[in-house]
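Undergrad: Turn this into a structure:
(3 chains)
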Amino acid sequence: MSNQAATLELHALSCERDGRLLFDKLEQRIDSGTALRVHGANGSGKTTLLKIVAGLRSEFEGSVLWRGQRTSAFGQRFRSELFFLGHCVGIKAALTPRENLQWWLSLQSSGSQASAIADGHSVEQALIQFGLGGMLDTPCTRLSAGQQRRAALARLCLARQALWVLDEPATAVDAEGIGLLERLCEAHLQRGGLLLLTTHQQLQINGLREIELSVPTADLRR
Amino acid sequence: MANWQWFHRLGSPKWLLGKLDRWTPWLLFAGLLLFGAASVWGLAFVPPDYKQGNSFRIIYIHVPFAVVSLAAYYAMAIAGAVGLIWRMKVADMAMRSIAPVGAAFTALALVTGAIWGKPTWGAYWVWQDARLTSMLVLFFLYMGVLALYDAYRERSSGSRAAALVALVGTVNVPIIYKSVDWWSSLHQPASIKFTEASTIDAQMLQPLLLAIVGCYLLFAALVIAQLRVQIVLGENRSQWLGDHAVNRTA
Amino acid sequence: MNAPVKARGPLLAILQRDLRVYSRGRSAWLNPLLFALLGITLFTLGLGPDRERVAADAAAVIWVVVLLGMMMSLDGLFKEDYVDGSLEQLLLMAGPVYFAVFGKVFAHWLVSAVPLVLASPLFALMLGVPLEHIPLLAFSLLIGSGILSFLGAVGAAVTVSLQSSGLLIALLILPLYVPVIIYGASLLQAAVEGWPYLAPLLMLCGLLSAVIVLAPLAIGVALKISLDS
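TA: Below is the predicted model:
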């Protein structure tokens, strides 16, 4: 069943929140090597959509299919193929960028490629690439918001999961960081990966499709 | 598949609300009738106890409420588990309906227990009684579930969190009872147990059983009344609910 | 520094990270300890200067204070991870959530409960518990605090997404703590009075093993629910 090509399909996906329909019967399909950017105003349900795909939200109707199977049926197998970067990136303020990245790596399953290629050297390389070479061992409390964000984005250098789901990865990152982000995403797509992301700004990524979610206005309650 | 028909139908708020509208008055009537008859029987016709005199007669109120409030906790947890595992909306609504009624019944059992304690033990509250003390803990468990409902902004998450807490509580209720029982035996080995079935005379027992059945029916009627409210709250956007209201007033 | 990252299990990874985070500040181990000392002081002042009366209530005082201290520190067990997003990463990792949760609770227990156990001889001296019963007190606290940690973590997981969780967690968890305080406190009382105390001790051990197996399941479910809102 898992031999089926890597595709992510959203079928008749509907979600309502606080009596408002965020999206209704959404149909989308992301194939291997392609990317989808979701945009829309604040409160249009972008984050909710990404959380549904990642399996963090369960209140929705319709189905999310990964390799032709419901993601909930895949369970751990799906999670091992998913790289998720949420709104809160999961950087511990008390730890250094190096420790944060190593911790993230050690959470990845031992069999996955992510940890196979990762040694102390590549962890350092990833952080240096994101301009944190001078503060590898500085606690993240002393880093700026943008630098903390970069420490989280450094995971992208090591992530070899097939599906990337990124929620506002470009927030608080400067133009150079965004360029790096674009290059990493393109490399991921060239490896045959899938990408689903939300950003407010335009990203220069080949093969990027866009959909817009609109803010629900009508209250369904009578 | 035919056997599961009823389960699916039970999961349909629309079908259920139609049935509940018809059941409620009957259940309420039967419950009041049985409970009232048992009370009259117990208060007026059963001979006084040789040890406690007339004060024992409060068992016809106290014991039914105590029995039902414990059973209600388990019913609540089972409804919660069904809602948690099968994502059945009606089960969540049932749990929300049972919780306040169960808490109220527990409070009544506590108050009547304390009133009974005064002539029997000379004090309103005696910690040695494992049953009453466990009842108090049960009351706290109910209040925890109710507080969780209030705390969660989102209805569905609140239901699931409360269901989980109720399930953890059910595992704990017997342990709590056993520990309090052991603790009271440590301090007062010969604790008096009035309500044990073996020591109770058949003459006293018959109205008690009747009162318990009546109390269950009353409980069911109150829960169903709550459940109708919960269905309306949960389905307030559905088309069928508007039609239902129109049909009822027509 | 450049040693390769070994593929450790999630349990060890989380245990190591949490211990490292706790080691960078002292509030995690110091605050429960100070709370317990303050609590004992207040209890004793409330009970009056009668030494015998204080000694008679010592078991109850120590257990209540330890229990409250543990409960209050548990409020923060998942909070920081929830706020900074690590909790999402934790639940989305490929391995089973069970061991990750176990690692987190175990790390918290090591940091918050073990100092309390180590300080228990001091509590005992403050309250006039006979010296020969101190090892028993410490051992029962060691077992009992494990139960408190794992049970309390369920409450912490259920309330982690809520804004004011402090009192709610107390309301949810304190009723479940009833057996622990009953067995824990009467254990010491029995020992002081010269009665057998094996039964409550075994009960505590039994409860601990049950809670270690079952609680991480409930905590995992609770965390999923909390992230889902």
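Undergrad: what about the helices in chain C?
TA: Using DSSP state H, the helices assigned to chain C run over residues C:10-23, C:27-47, C:51-56, C:58-74, C:79-84, C:86-92, C:97-127, C:134-159, C:166-173, C:178-193, C:198-227.
Undergrad: Could you tell me the least trusted of these?
TA: Lowest mean pLDDT within the helices of chain C: helix C:51-56, at a mean of 82.
Undergrad: Show me which parts of that helix are buried, residue by residue.
TA: Residues of helix C:51-56 classed as buried: C:Val54, C:Ala56 (neighbour count, 16 or more other CB atoms under 10 Å in any protein chain shown). Heads up, the C-betas are built off the backbone N, CA and C, glycines and all.
Undergrad: Need the residues that contact it.
TA: For helix C:51-56, the external contacting residues (CB atoms under 8 Å, 6 or more residues apart in numbering or on different chains) are C:Thr44, C:Leu47, C:Gly48, C:Leu127, C:Gly128, C:Val129.
Undergrad: now stretch B:98-115
TA: For stretch B:98-115, contacts defined as CB under 8 Å, 6+ apart pick out B:58, B:61-62, B:65-66, B:68-69, B:72-73, B:75-76, B:79, B:124-125, B:129, B:131-132, B:135-136, B:138-139, B:142-143, B:145-146, B:149, B:162, B:219, B:222-223, B:226.
Undergrad: how many neighbours does the closest residue to B:Tyr216 other than its chain neighbours have?
TA: Distances taken as CB to CB, 6 or more residues apart in numbering or on different chains put B:Val68 closest to B:Tyr216, at 5.8 Å, once the chain neighbours are dropped. Using other CB atoms under 10 Å in any protein chain shown, the number of residues around B:Val68 comes to 24.
Undergrad: who's in contact with the nearest residue to C:Tyr98 once chain neighbours are set aside?
TA: Nearest residue to C:Tyr98, sequence neighbours excluded (CB to CB, 6+ apart): C:Pro216, at 5.0 Å. The contact partners of C:Pro216, by CB under 8 Å, 6+ apart, come to C:Tyr98, C:Phe99, C:Val101, C:Phe102, C:Val105, C:Phe150.
Undergrad: Report the separation between the closest residue to the fourth one other than its chain neighbours and chain A.
TA: The shortest distance from C:Phe102 to any residue that is not its chain neighbour, by CB to CB, 6+ apart, is 4.8 Å, and that residue is C:Pro216. Relative to chain A, C:Pro216 is positioned 16 Å away (CB to the nearest CB, to the nearest Å).
Undergrad: show me the contacts for the residue nearest to B:Tyr216.
TA: Residues in contact with B:Val68 (CB under 8 Å, 6+ apart) are B:Phe105, B:Ile212, B:Cys215, B:Tyr216, B:Phe219.
Undergrad: again, but for C:Ser86
TA: C:Ser86 makes contacts with A:Gly90, A:Ile91, A:Lys92, C:Glu80, as judged by CB under 8 Å, 6+ apart.
Undergrad: so can I have JSON lines of the helices of chain C showing distance to A:Arg37?
TA: Formatted as JSON lines, these follow (distance: least, CB to CB, whole Å):
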{"stretch": "helix C:10-23", "distance to A:Arg37": "32"}
{"stretch": "helix C:27-47", "distance to A:Arg37": "41"}
{"stretch": "helix C:51-56", "distance to A:Arg37": "69"}
{"stretch": "helix C:58-74", "distance to A:Arg37": "41"}
{"stretch": "helix C:79-84", "distance to A:Arg37": "25"}
{"stretch": "helix C:86-92", "distance to A:Arg37": "21"}
{"stretch": "helix C:97-127", "distance to A:Arg37": "30"}
{"stretch": "helix C:134-159", "distance to A:Arg37": "34"}
{"stretch": "helix C:166-173", "distance to A:Arg37": "40"}
{"stretch": "helix C:178-193", "distance to A:Arg37": "53"}
{"stretch": "helix C:198-227", "distance to A:Arg37": "24"}
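Undergrad: how about the contacts of B:Val68 in CSV, adding secondary structure, pLDDT and neighbour count?
TA: Shown next, in CSV, are the contacts of B:Val68 (DSSP: H, G, I helix; E, B strand; the rest coil; pLDDT from 0 to 100; neighbours: other CB atoms under 10 Å in any protein chain shown):
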residue, secondary structure, pLDDT, neighbour count
B:Phe105, helix, 97, 27
B:Ile212, helix, 93, 21
B:Cys215, helix, 94, 26
B:Tyr216, helix, 95, 19
B:Phe219, helix, 95, 24
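Undergrad: does A:Glu27 count as helix, strand or coil?
TA: Judged by DSSP: H, G, I helix; E, B strand; the rest coil, the three-state class of A:Glu27 is strand.
Undergrad: A:Ser63 is in contact with that one, correct?
TA: No: at 10.9 Å, A:Glu27 does not count as touching A:Ser63 under the criterion of CB atoms under 8 Å.
Undergrad: ok, these two, which is more surrounded?
TA: Higher neighbour count among A:Glu27 and A:Ser63: A:Ser63, with 14 against 10, using other CB under 10 Å.
Undergrad: Within its local environment, how many residues does residue 85 see?
TA: Just so you know, I chose chain A. Residues near A:Leu85, counting by other CB under 10 Å, number 25.
Undergrad: nope, chain B please
TA: By the criterion of other CB under 10 Å, B:Ile85 has 10 neighbours.
Undergrad: Buried residues in whichever strand or helix holds it, which are they?
TA: Counting by DSSP states H and E, the element that carries B:Ile85 is helix B:59-86. For helix B:59-86, a neighbour-count test (16+ other CB under 10 Å) marks B:59-73, B:75-84 as buried.
Undergrad: Tell me the spacing between C:Ala191 and B:Trp182.
TA: Note on C:Ala191: its distance to B:Trp182, by CB to CB, to the nearest Å, is 16 Å.
Undergrad: Shouldn't A:Ile205 be within a helix?
TA: No: under the criterion used here (three-state DSSP), A:Ile205 is coil, not part of a helix.
Undergrad: Could you work out the most separated pair of the contacts of C:Pro216?
TA: For the contacts of C:Pro216, the farthest-apart pair by CB to CB is C:Phe99 and C:Phe150; their separation is 13.8 Å.
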